[in-house]
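Student: Fold the following.
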Amino acid sequence: MQIIGPAGSGKTTLFNALTGGRGSDGVGMVDVPDGRLGRLAAAVSPRRIVPAQVRVADAPPGSRAQRIAAAREADVVIKVLRGFGPVPDPVADLEGIELDLALTDLATVERRLDAVGREVRAGRRQGAAELDVLERAKAHLDEGHGLATLELEPESSAHLAPLFPVSAKPTVVIANVGEDRLPDGGELAERVRGLAAERGWTALAVDAQLEAELAELEPADAAEMRRTYGLDGSGLDSVARAVWEAGGLMTFFTAGEPEVRAWPCESGAAAPVAAGVIHSDFEKHFIRAEVTSVDELVSAGSMEALRAAGRLRVEGRDYHVRDGDVVFFRVGR
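Tutor: Numbering: from 1, shown residues only. Predicted coordinates for the structure are as follows:
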């Protein structure tokens, strides 16, 4: 996940707040909050509790090319907009970022369009469908619109996928507002939310500086301070969850006395692939998965109790792990 934004938007403040100042060279890990983890821990009493995490990078300050290169590397792009200080215009910030990304994709599409056009003119008829999609993409980008707003059927979108279009990346938009605009960011943030919704993105209003200060307080003190601003939860937690969802990730759990851990996994992943998240050898040597739910495990108190009662589901290689599954993987050697 890459955080990008114009100079003065507060993107580095947001990065430092998310990583708790533990980032190094602009890269850090962010815990993803999940209330189910605490419920499992209360039931199992493990020695260690490990939340799922996402890797977040703060795009280096510098040229437009550097910002675009950072976005190109990301699975999810976090676009930070300035909603504080004198004459803030976060909508203009977002439109400026979009234009930069659209121009980058335009150059890529034009190169591919030229190559495919020559092939089609030379008689390669199977390139006609790709040529049509590229021409539609070029026309859309010529108008300054990112590919996130280009409506295509899935089979048509497949022609653009090899180009890795940066303007179509999953996105979370952050209107970084001042304290005076809390709790919802006011009219400025509402405009940003409207623009983001048109593109299928999540937009949040967050005061990154305030969240950085609250992160240094004890939880009870931070909660009390948030209430004075009309906030009912951590803005940083909301950002982490939004990035998680935008990345198409789900959570499964492992639970035992050594540790209770939340694991990230692509939605719809087959059981061997999910096992490979824990260790690559688990995917290769997968035998079966013993599966239950958080509620079932909390009620029983342990995987062993469920196993003894015959209440664990036994699933094979074709099983697709679901969000919230608690899993014990059986693997060979």
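
Student: For the residue lying closest to Gly186 once chain neighbours are set aside, what are phi and psi?
Tutor: The shortest distance from Gly186 to any non-neighbouring residue, by C-beta to C-beta, 6 or more residues apart in numbering, is to Val177 (7.2 Å). C-betas here are computed from N, CA, C, even on glycine. Backbone geometry at Val177, expressed as degrees, to the nearest 10, gives phi -100, psi 170.

Student: mind listing what Val177 touches?
Tutor: 83-84, 185-186, 188-189, 205-207 (C-beta atoms under 8 Å, 6 or more residues apart in numbering).

Student: how about 6 Å then?
Tutor: 83-84, 185, 205, 207 (C-beta atoms under 6 Å, 6 or more residues apart in numbering).

Student: Glu218: neighbouring residues, count only.
Tutor: Residues contacting Glu218 under the criterion other C-beta atoms under 10 Å number 8.

Student: Could you report the separation of the residue nearest to Gly186 from Leu81?
Tutor: Val177 sits 9 Å away from Leu81, taking C-beta to C-beta, to the nearest Å as the criterion.

Student: before we move on, what about Arg288?
Tutor: For Arg288, the distance to Leu81 - C-beta to C-beta - is 48 Å.

Student: Mind checking which of those two has more residues around it?
Tutor: Leu81 (28 against 16).

Student: excluding its backbone neighbours, what's nearest the more buried one?
Tutor: Per C-beta to C-beta, 6+ apart, closest to Leu81 is Pro90, 3.5 Å.

Student: what does stretch 203-222 contact?
Tutor: 10, 13-14, 17, 173-177, 179, 184-185, 189, 192-193, 196, 225, 235-236, 238.

Student: do the same with stretch 279-292
Tutor: 271-272, 275-276, 306, 312-316, 325-332.

Student: Can you give me the end-to-end span of that stretch?
Tutor: 21 Å (C-alpha to C-alpha, to the nearest Å).

Student: what does stretch 143-153 give?
Tutor: Terminal-residue distance, stretch 143-153 (C-alpha to C-alpha): 21 Å.

Student: mind listing what's buried in it?
Tutor: 145-148, 150, 152 (16 or more other C-beta atoms under 10 Å).

Student: now do stretch 14-23
Tutor: Going by 16+ other C-beta under 10 Å, stretch 14-23 has these buried residues: 14-19, 23.

Student: which residues of the stretch 201-333 of the chain score low on pLDDT?
Tutor: Counting by pLDDT under 70, the stretch 201-333 of the chain shows no low-confidence range.

Student: my bad, the stretch 51-200 of the chain
Tutor: In the stretch 51-200 of the chain, residues with pLDDT under 70: 62.

Student: ok, now with 80
Tutor: Screening the stretch 51-200 of the chain residue by residue with the criterion pLDDT under 80, one finds the ranges 61-64.

Student: Spell out, range by range, the strands that occur in it.
Tutor: Along the stretch 51-200 of the chain, counting by DSSP state E, counting those that start in this stretch, strands occupy 53-58, 77-83, 171-177.

Student: Between strand 77-83 and the shortest one, find me the angle.
Tutor: Comparing the axes of strand 53-58 and strand 77-83 via axes from the mean of the first three to the mean of the last three C-alpha atoms, to 10 degrees yields an angle of 60 degrees.

Student: Skip the chain neighbours and tell me the closest residue to Gly230.
Tutor: Pro183 (3.8 Å).

Student: cool, Ile174 as well?
Tutor: Nearest one to Ile174, counting by C-beta to C-beta, 6+ apart, is Val80 at 4.8 Å.

Student: Pull the contacting residues for the one you found.
Tutor: Neighbours of Val80 in contact, by C-beta under 6 Å, 6+ apart: 5, 9, 11, 14, 174, 176.

Student: Now intersect the contacts of stretch 279-292 with the helices, please.
Tutor: If you go by DSSP state H, the contacts of stretch 279-292 have 271-272, 275-276, 306 in helices.

Student: where exactly do the helices run in the protein?
Tutor: Using DSSP H, helices in the chain cover 11-19, 35-44, 64-72, 90-121, 128-142, 154-157, 186-198, 208-214, 219-228, 235-246, 271-278, 280-284, 294-300, 303-308.

Student: Pro51 is nearest to which of those helices?
Tutor: Checking these against Pro51 by C-beta to C-beta gives helix 35-44 as the closest, at 5.9 Å.

Student: any idea of the mean pLDDT in the closest one?
Tutor: Mean per-residue pLDDT for helix 35-44: 95.

Student: quick one: contacts of that helix?
Tutor: By C-beta under 6 Å, 6+ apart, helix 35-44 touches 49, 51, 255, 260, 262, 294, 298, 301.

Student: List only buried entries from these.
Tutor: 51, 255, 260, 262, 294, 298.

Student: can you put those in a markdown table and add distance to Ala102?
Tutor: Output for the buried ones among the contacts of helix 35-44, formatted as a markdown table (distance: C-beta to C-beta, whole Å):
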| residue | distance to Ala102 |
| --- | --- |
| Pro51 | 36 |
| Ala255 | 46 |
| Val260 | 44 |
| Ala262 | 36 |
| Val294 | 43 |
| Val298 | 48 |
